[in-house]
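Colleague: Provided below are the primary sequence and the corresponding predicted coordinates.
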Amino acid sequence: MPTILFDSIIFGPIRSRRLGISLGVNLLPVDGKLCSFNCIYCECGLNEERRTRTKIPMREAVRKALEKKLLEMQAEGVCPDVITFAGNGEPTVHPEFGGIIDDTIALRNAYCGKAKIAVLSNATMIDRPEVFEALNKIDDNILKLDSVLDSRIRQLDAPNAPSFTFAWLLEHLKRFKGNLIIQTMFIRGEHNGESIDNTTEEEIVGWLEALQQIAPRQVMIYTIDRETPVKGLKKVSKEDLEAIADRARRLGFDVSVSA
C-alpha cells in the first residue's frame, strides 16, 4: 500500500499539475492522516491505516515555519507561484484555520507579494462561519465535487458524517457566489465487487447542471496520477477528460484538465 505522508508543516516547493510551483502547508499531524473523507483514491492512504498519535501544529508554529521558509526562499531569489494548504488530510478541520489564513496573507504580502494562496478542501467544513470567511479571503478556494449522486459520493469519498449529501454540498457551494474553483476527480474501475465510474451520462449531466448553479470561476478536472490505496481503480483517458471539459466549456466555464 502506498504511503505519501508529509513529515513537516512546510513541504516543497514542488511542481503541481494544477498550480505551478507550490509551497505546501500541512496543518495536520506528521505521523498519519486526519481527514473528514476517506477517499479510496487518496495518495495519503486510508484513514483507518494511517492513525495519528501526534497533535496538530498550533497556529504560532505554522506561522514561524512558513516565515522561516519564505525568508530562505527570498534569500535565494525565488518565490513560489502559490502557497498551498493540503498535506495529510483536510486542512479546514484545524481549529485555528481562520487565524492561520490571516497569518499566511500577512506573510505572503511581506515576502512574496505575487504568490497566490490556495486551499485544497473537500468542502465538509464550509458551513463553519470562520472557514467560510477564511476561504473567501484567499486567491484559490478549491473545493471538491466528485459526484452529484450520494451513492457515488459514499463510494468514492466515504465522508465520515452521514449528514454529508450532495444536496447539502450544493447549497453551501452556492453561498460562495462564484468565489471558488470546483475540483473533480474522474475515475473508473471496481471496488468491493461494485463498478466505479463517475463519468456516466447521468452523472455528467448532473455535474454540468450543478456547475450552472454554483457558477465557479474555474473548474479543475483530473484523474488518478499515483498509486492508490484501493486496487482496481483506473485512470480516465485524457481524451475522455477533454470531452467532459468541452461540454463544460460550451456552457461558458473555464476548465483545466490534468491527465
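Modeller: Here it is on my side, so go on. None of these values were measured; they are calculated from a predicted model.
Colleague: tell me the helix or strand right after the lengthiest helix in the chain.
Modeller: Criterion DSSP state H: the longest helix present in the chain is helix 59-75. Toward the C-terminus, helix 59-75 is succeeded by strand 82-86 as the next helix or strand (DSSP states H and E).
Colleague: thinking again about what came up before, what are the contacting residues of the longest helix of the chain?
Modeller: Judged by CB atoms under 8 Å, 6 or more residues apart in numbering, the contacts made with helix 59-75 from elsewhere in the structure are 8-10, 13, 23, 25, 27, 57, 79-80, 83, 96, 99-100, 103-104, 107-108, 110-112. No exception for glycine: its C-beta is placed from N, CA and C like everyone else's.
Colleague: kindly supply the ChimeraX command isolating those of those that are buried.
Modeller: If you want just the buried ones from the contacts of helix 59-75 in ChimeraX, going by 16 or more other CB atoms under 10 Å, the selection is:
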select :9,10,13,23,25,27,57,79,80,83,96,99,100,103,104,107,108,111,112
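Colleague: where along the stretch 1-150 of the chain do the helices fall?
Modeller: Here the stretch 1-150 of the chain has its helices, by DSSP state H, counting those that start in this stretch, at 59-75, 97-111, 129-135, 150-156.
Colleague: phi and psi next, for residue 205.
Modeller: For residue 205, the backbone dihedrals (degrees, to the nearest 10) come out as phi -60, psi -50.
Colleague: residues near it, how many?
Modeller: 12 (other CB atoms under 10 Å).
Colleague: and it, how far from residue 259?
Modeller: From residue 205 across to residue 259, the span is 22 Å (CB to CB, to the nearest Å).
Colleague: same question, residue 94
Modeller: The spacing between residue 94 and residue 259, counted by CB to CB, is 32 Å.
Colleague: for residue 214, same thing?
Modeller: 23 Å.
Colleague: please say which of these two ends up with more neighbours.
Modeller: Set side by side, residue 214 and residue 259 show unequal neighbour counts under other CB under 10 Å, the larger going to residue 214 at 21 against 17.
Colleague: what sits against the more buried one?
Modeller: Applying CB under 8 Å, 6+ apart, the residues contacting residue 214 are 145, 170, 173-174, 176, 178, 180, 182.
Colleague: if we go to 10 Å?
Modeller: 143, 145, 169-170, 172-178, 180, 182 (CB atoms under 10 Å, 6 or more residues apart in numbering).
Colleague: please list only the buried members of these.
Modeller: Here the buried ones among the contacts of residue 214, as counted with 16+ other CB under 10 Å, turn out to be 143, 145, 169, 172-173, 176, 180, 182.
Colleague: buried residues of stretch 252-259, list them for me.
Modeller: 253, 255, 257, 259.
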